[in-house]
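Chemist: When you get a sec, could you give me coordinates for this:
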Amino acid sequence: PLAGDYEAIVADSLALLDAAWDEVEGGWGSPQKYPWPGHVELGWLRGEPHAARADLTLDRHRALLDPVWGGMFQYSVGGVWTQPHYEKIAMIQAGAIETFAHAYMREGDAKWLAAAHEITRYLLEHMQDPGGGFWTSQDADVRETASGEPMLGADFYALDDAGRRAVGKPWTDTHVYADLNGLIIEAMCELVRAQPDPALLAAAIAAAERLLRTHREPSGGFRHGETSVGPLHLADQVALGRAFFALHRVTQEPRWLALALEQAE
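Modeler: Numbers count the residues shown, from 1 in each chain. Prediction:
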């Protein structure tokens, strides 16, 4: 009976997902178009025609890349991929890096590597904490420009690099959270697996070392934030366990495997 229930749940879930497919624009769901990595990965796993839908959708995701600073905007409005909401959040960056890396592994097309590196460029230049690790998000709009006035994201992100820097940067949430950093570390390791990159690997290792220094409890578990109090969260433990294992895959260093196993235990 349990197996039957499980199969029925999966069938119902897939039917809902298939009903949300957008034949015109690609992707699943409307009117907001989110670059969710899981939909793409599932499409590949299901085979044709779903794999072709996944490829088309991932190509549409590239419209959400910031052509100046890199990084991926959170989503698009209006039922199309070309009207972005300009906020950039860590979860979206991590998912996009990993999915583009996997697309390159599948197809060998350099456009997927280029897209992934546009995101890592943004993370390294605009979202990396000086102590290691990565910040949480960057606002869509500039709350206060050099002149003291706010500026909407549509106007700010239409500027070139010099123009943006003259105006000022959107507010950035500089918290270093365990789950989001775990996702980014794992994604960067997958990109390193697709194409070796010592600088990227060094950034992933620095993020892991930071969390070991500042987020780890005496019990071995990890706090969500550096100053978090109260119960530990499952998402943080899982994300970092996966991150440590991803580091082991690309470095073959026993230490990272031991840390992954410690998290599992």
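
Chemist: Distance of Ala204 relative to Leu247?
Modeler: Going from Ala204 to Leu247 by Cβ to Cβ, to the nearest Å gives 7 Å. Glycine gets a C-beta too; all of them are placed from N, C-alpha and C.

Chemist: Now the common contact residues for these two.
Modeler: Shared contacts of Ala204 and Leu247, defined by Cβ atoms under 8 Å, 6 or more residues apart in numbering, are found at 185, 189.

Chemist: How about the residue nearest the centre of the chain, nearest residue that isn't a chain neighbour?
Modeler: With distances taken as Cα atoms, centre = their mean, the chain has Ala94 as the residue nearest its mean C-alpha position (1.8 Å). Sequence neighbours aside, Leu183 is the residue nearest to Ala94 in space, at 3.7 Å (criterion: Cβ to Cβ, 6 or more residues apart in numbering).

Chemist: Find the helix or strand that the one you found is a member of.
Modeler: Per DSSP states H and E: Leu183 is located in helix 178-194.

Chemist: quick check, distance from that helix to the centre of its chain.
Modeler: Here helix 178-194 is found 8 Å from its chain centre; the criterion is Cα atoms, centre = their mean, to the nearest Å.

Chemist: Output that helix as PDB - backbone C-alpha positions only.
Modeler: Taking C-alpha atoms only, helix 178-194 is exported to PDB below (Å, rounded to 0.1, in the frame of the first residue of the first chain):
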ATOM      1  CA  ALA A 178      24.800  28.200   6.400                       C
ATOM      2  CA  ASP A 179      22.300  26.700   4.000                       C
ATOM      3  CA  LEU A 180      22.800  29.300   1.300                       C
ATOM      4  CA  ASN A 181      26.600  28.900   1.500                       C
ATOM      5  CA  GLY A 182      26.200  25.200   1.400                       C
ATOM      6  CA  LEU A 183      24.200  25.500  -1.900                       C
ATOM      7  CA  ILE A 184      26.800  27.800  -3.400                       C
ATOM      8  CA  ILE A 185      29.800  25.600  -2.400                       C
ATOM      9  CA  GLU A 186      28.200  22.600  -3.900                       C
ATOM     10  CA  ALA A 187      27.300  24.400  -7.100                       C
ATOM     11  CA  MET A 188      30.800  25.800  -7.500                       C
ATOM     12  CA  CYS A 189      32.200  22.300  -7.000                       C
ATOM     13  CA  GLU A 190      29.900  21.000  -9.700                       C
ATOM     14  CA  LEU A 191      31.200  23.800 -12.000                       C
ATOM     15  CA  VAL A 192      34.800  22.800 -11.100                       C
ATOM     16  CA  ARG A 193      33.900  19.200 -12.000                       C
ATOM     17  CA  ALA A 194      32.700  20.400 -15.400                       C
END
